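J.: Need coordinates for the following:
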Amino acid sequence: MTASVRWLRFVGLMFLVIAPGCSPDGPKLTPVTGKVSVNGKPAAAALLFLHRKGKSDISEPTPYATADADGAFQVVWQPGVRGALPGEYVVTVTWPDMTKEPDGNGARPDLLRGAFDKIPASTLKATVHAERTELAPLELTLTAVQAAKPVVKDRNNK
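T.: Numbers count the residues shown, from 1 in each chain. Sure, this is the predicted structure:
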């Protein structure tokens, strides 16, 4: 067998091994957009996470979004990949105080005081359809009691 035939077989074998990993047949994601506001004002820099109901694969990413200055957001499946799987979701939201310095873990105090950051307690729901989905506006209300709750910056209360 000549060197060129061996080379062609090698290249063909490598194609068969590598090609399946390069397949564009990943999950069928739907573009998802929306807006978030707090007490009627855009929640710029709010972080939203969409937790799919019935998710059975723990390696499945949790879609997320960051609101822009107008409170608008686009859901991201993972960095560089937009969208989410069709289905029912519970939405959690934190709103980092960008005027404060990050703590030792890189986190900033939550302006929502944890009112919307727990899956079991969240009343925020979303449905992602098989086609492009514009979520109903998420209009959050922070009560005076929630706003007065002390912010814990880190485990040491610093």
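J.: residue ranges with poor pLDDT in the chain?
T.: Under the criterion pLDDT under 70, the flagged ranges of the chain are 1-25, 144-158.
J.: And for the residue nearest the centre of it, nearest residue in space, chain neighbours not counted?
T.: The chain has Y64 as the residue nearest its centroid, 0.9 Å off, counting by Cα atoms, centre = their mean. Here the nearest residue to Y64 in space, its sequence neighbours aside, is F49; by Cβ to Cβ, 6 or more residues apart in numbering that works out to 5.0 Å. Where you see a C-beta, it was placed from the backbone N, CA and C, and this is true even at glycine.
J.: Using the three-state scheme, assign that neighbour.
T.: For F49, the secondary structure call by DSSP: H, G, I helix; E, B strand; the rest coil comes out as strand.
J.: Next, the buried residues of stretch 86-104.
T.: 86-87, 89-96 (16 or more other Cβ atoms under 10 Å).
J.: any chance of these in JSON lines, with secondary structure too?
T.: Putting those into JSON lines (three-state DSSP) gives the following:
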{"residue": "P86", "secondary structure": "coil"}
{"residue": "G87", "secondary structure": "strand"}
{"residue": "Y89", "secondary structure": "strand"}
{"residue": "V90", "secondary structure": "strand"}
{"residue": "V91", "secondary structure": "strand"}
{"residue": "T92", "secondary structure": "strand"}
{"residue": "V93", "secondary structure": "strand"}
{"residue": "T94", "secondary structure": "strand"}
{"residue": "W95", "secondary structure": "coil"}
{"residue": "P96", "secondary structure": "strand"}
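J.: Could you dump those residues into TSV and include distance to G80?
T.: Listed next are the buried residues of stretch 86-104 as TSV, based on distance: Cβ to Cβ, whole Å:
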residue	distance to G80
P86	21
G87	22
Y89	21
V90	25
V91	22
T92	23
V93	23
T94	22
W95	24
P96	22
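J.: what's the closest non-adjacent residue to K125?
T.: V90 (6.3 Å).
J.: One more: D97?
T.: P109 (4.7 Å).
J.: In this model W95 seems to touch that neighbour, though I could be wrong.
T.: No: the pair P109 / W95 is not scored as a contact, 9.5 Å apart, by Cβ atoms under 8 Å.
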